[in-house]
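S.K.: When you get a sec, could you give me coordinates for this:
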Amino acid sequence: MKLQGIFAPLTTPFGEDGGVAPARYRENIQRYNKTALAGYVINGSTSESVLLLWSEIYKLWETAKEAAAAGKILIAGTGAESTSGTIEHTKRAAELGFDAALVRTPSFYKPAINDDLLAEHYTRVADASPTPILIYSVPLFTHVTVEASLIARVGTHPNIVGIKDSSGNVEGVVKIMAAAPKSFQTLVGSAATLYESLRRGATGAILAVADAFPELCVEIWQAACEGDAERARALQEKLIAPSKILGPQYGIAGLKYAMDRLGYYGGPPRPPLLRVTEAGRREIEAMLAGMVAETVQRG
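M.R.: Numbering: from 1, shown residues only. Okay, the predicted model is just below:
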């Protein structure tokens, strides 16, 4: 399968009572369907996955499958700490018709985690999975980095089709691509290095900021595909502020607030995450106003 383009790792909408709001989820997806996003990731880091019950995750998968437009690729985040749990969730996603599974690295028993453990884990999951597997490296949260040495070992598995690398380390991504077979597909998760990663050979990206700015992210990918470096770099500059402010600075709460301001449903994060502060809201408002003003000026 081809994993090319920009994918949005969808946020999870919660109501004021703290429960998941499927109707809001459906509304967001129906709006994203009108964009040129390649597809959606359900239950990634941006989905507040570690704060969800698996029963809630299964409901989100079902809603996304029903609401997504034909042609949108659906990727389910199925990673758990145990290999058996990961296999169980991956099979469930396959039963629902998901196109691929995104499997994060186990991380709790950090001292025991090495290439041998990860190779065994991913091989067992891939052997048992009815759907293709994407390895998920997100060291910011797991403190486990997938290295090129691991990809050299498992990248030839016929059911391991690629990786989402959220390290933000372009040189590390290049090493992974060099170690992998040509059929192996590399998606990145860092908006700040999007164009440079695409220029160096990445096939696409799964970007949290695409939840708020899907069109801008897609434009960068299209410009890169067309070899229009000048346009791609200019568009990448526009992505710098939101990738910082809605990423490491204010996180999921900030991203959800920006979505609310842009006509999507963001809503509150799930505790223990807190809503963005008043000062943060003002900074996000200023960033959004600046992007709108720049767009109007260019137009």
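S.K.: Report the spatially closest residue to Glu196, excluding sequence-adjacent ones.
M.R.: Val170 (5.2 Å; Cβ to Cβ, 6 or more residues apart in numbering). (Each C-beta comes from the backbone N, C-alpha and C, glycine too.)
S.K.: right, and that neighbour touches Tyr195 too?
M.R.: No - taking contacts as Cβ atoms under 8 Å, Val170 lies outside contact range of Tyr195: 10.2 Å.
S.K.: Of those two, give the one with the bigger neighbour count.
M.R.: Using other Cβ atoms under 10 Å as the criterion, Val170 and Tyr195 rank with Tyr195 on top: 24 against 18.
S.K.: Not counting its neighbours along the chain, what's nearest the more buried one?
M.R.: Closest to Tyr195 by Cβ to Cβ, 6+ apart is Gln236, at 4.3 Å.
S.K.: Quickly find the element holding the one you found.
M.R.: Using DSSP states H and E, Gln236 maps to helix 229-244.
S.K.: buried residues in that helix?
M.R.: Arg231, Ala232, Leu235, Gln236, Lys238, Leu239, Ala241, Pro242, Ser243 (16 or more other Cβ atoms under 10 Å).
S.K.: Stretch 56-66 too?
M.R.: Within stretch 56-66, the residues that count as buried by 16+ other Cβ under 10 Å are Glu56, Ile57, Tyr58, Leu60, Trp61, Thr63, Ala64.
S.K.: tell me which of these is nearest to Tyr136?
M.R.: Nearest to Tyr136 among these is Ile57, at 15.0 Å by Cβ to Cβ.
S.K.: What strand or helix carries that closest one?
M.R.: Assigned by DSSP H and E, Ile57 falls in helix 54-67.
S.K.: Tell me which strands whichever helix or strand comes after that helix pairs with, and in which orientation.
M.R.: Later in the chain than helix 54-67, the nearest helix or strand by DSSP H and E is strand 73-77. Strand pairing for strand 73-77, determined by DSSP bridges: strand 39-42 (parallel), strand 100-104 (parallel).
S.K.: of these, which approaches Thr78 most closely?
M.R.: strand 100-104 (4.4 Å).
S.K.: contacting residues around the closest one?
M.R.: The contact list for strand 100-104 (Cβ atoms under 8 Å, 6 or more residues apart in numbering) reads 1, 3, 41, 44-45, 73-79, 86, 89-90, 93-94, 122, 125, 129, 131-136, 138, 142, 161, 164, 206.
S.K.: What residues sit buried inside that strand?
M.R.: So strand 100-104, judged by 16+ other Cβ under 10 Å, has buried residues Ala100, Ala101, Leu102, Val103, Arg104.
S.K.: Could you check how far the residue lying closest to the fourth one once chain neighbours are set aside is from Cys217?
M.R.: Spatial nearest neighbour of Val103, excluding adjacent residues (Cβ to Cβ, 6+ apart): Gly79 at 4.5 Å. With distances defined as Cβ to Cβ, to the nearest Å, the gap from Gly79 to Cys217 amounts to 24 Å.
S.K.: Looking at the two, which is more packed in?
M.R.: Just comparing Gly79 and Cys217: by other Cβ under 10 Å the higher neighbour count belongs to Cys217, 29 against 25.
S.K.: Let me know the average pLDDT across the helix or strand harbouring that one.
M.R.: Element membership for Cys217 (DSSP H and E) is helix 214-225. Mean pLDDT, helix 214-225: 98.
S.K.: Grab the CA positions of that helix and hand them over as PDB.
M.R.: Output in PDB follows, covering the C-alpha atoms of helix 214-225 (Å, rounded to 0.1, in the frame of the first residue of the first chain):
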ATOM      1  CA  PRO A 214      -4.600  20.700   6.800                       C
ATOM      2  CA  GLU A 215      -4.500  22.800   3.600                       C
ATOM      3  CA  LEU A 216      -1.200  24.500   4.500                       C
ATOM      4  CA  CYS A 217       0.400  21.100   5.300                       C
ATOM      5  CA  VAL A 218      -0.900  19.600   2.000                       C
ATOM      6  CA  GLU A 219       0.400  22.600   0.000                       C
ATOM      7  CA  ILE A 220       3.900  22.000   1.400                       C
ATOM      8  CA  TRP A 221       3.800  18.300   0.400                       C
ATOM      9  CA  GLN A 222       2.500  19.200  -3.100                       C
ATOM     10  CA  ALA A 223       5.200  21.800  -3.600                       C
ATOM     11  CA  ALA A 224       7.800  19.300  -2.600                       C
ATOM     12  CA  CYS A 225       6.400  16.700  -5.000                       C
END
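S.K.: Could you check stretch 10-29 and say which residues are buried?
M.R.: For stretch 10-29, by 16+ other Cβ under 10 Å, it's 10-14, 20-22, 24-26, 28-29.
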